[in-house]
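J.: Dropping the sequence and predicted coords here.
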Amino acid sequence: MIIQIALVILGYLCGSVASAIIVCKIMHLSDPRTQGSGNPGATNVLRLHGKKAAVLTLAGDVAKGAIPVLIAQGIHAPDPVIALTGIAVFTGHLFPVFFNFHGGKGVATYIGILSATCWLLGLSYIGTWLLMVALTRYSSLSALIAAVLTPVYTALLLPVPAYIAANSIMTIALIWRHRANIRKLMDGTETRIRINRL
């Protein structure tokens, strides 16, 4: 029980490491929370500071999502504990204790969690996101569509109740975090990804 609780705590603390803020500080760039969308995530960093900073942010967020889940799997924790560890990581990203609980929207971290849980889930999310970006050029819309489909992918690829429930919870949280983007999409004011930035 102590080890299982420790896994969840570890997950939350790893999730609380805000890659965007750390990368921008190391590269002497402006804090992404103060410009653009105000979101400390790879998309906002891409728009503000270009590809290098965005790639580093993306890699950091994916890694922090994957590592705690892989550790839980490595010590053969039960499926519900692994799933709860993933939720803890995701919660840490949204509400990081190290950064006044002002976190990102969770897309890259979700990808890391999914990929560590089952690589086909991560691939399914990424594939859906890429397809929708190619069709719409909206990162937020692509992330939302991929997230909505993730519980379906989970039911098909990893039909374990704990993972279906966990991924459904994270999907709902991701949609909630994108509520401003949803309003902009409905108003026609959401920013598209520029092709020359990819």
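T.: Thanks, I have the structure now.
J.: how long is stretch 12-21 from one end to the other?
T.: 17 Å (C-alpha to C-alpha, to the nearest Å).
J.: For it, which outside residues touch it?
T.: Around stretch 12-21, the neighbours that count as contacts under C-beta atoms under 8 Å, 6 or more residues apart in numbering are 31-33, 40-42, 44-45, 56-61, 64-65, 67-68, 88-99, 103-104, 108-109. Quick note: C-beta positions are derived from backbone N, CA and C, even for glycine.
J.: please redo it, this time with the cut-off set to 6 Å
T.: When contacts are defined by C-beta atoms under 6 Å, 6 or more residues apart in numbering, stretch 12-21 is touched by residues 32, 40-41, 45, 57, 60-61, 64, 68, 88-89, 92-93, 96-99.
J.: any idea how far it is from the chain center?
T.: Between the centre of stretch 12-21 and the centre of its chain there are 11 Å (C-alpha atoms, centre = their mean, to the nearest Å).
J.: and if you look at stretch 158-168?
T.: The answer for stretch 158-168 is 17 Å, by C-alpha atoms, centre = their mean.
J.: Flag every buried residue along it.
T.: 158, 160, 162-167 (16 or more other C-beta atoms under 10 Å).
J.: Kindly report the same for stretch 101-114.
T.: Residues of stretch 101-114 classed as buried: 103-114 (neighbour count, 16+ other C-beta under 10 Å).
J.: Right, I'll leave it there.
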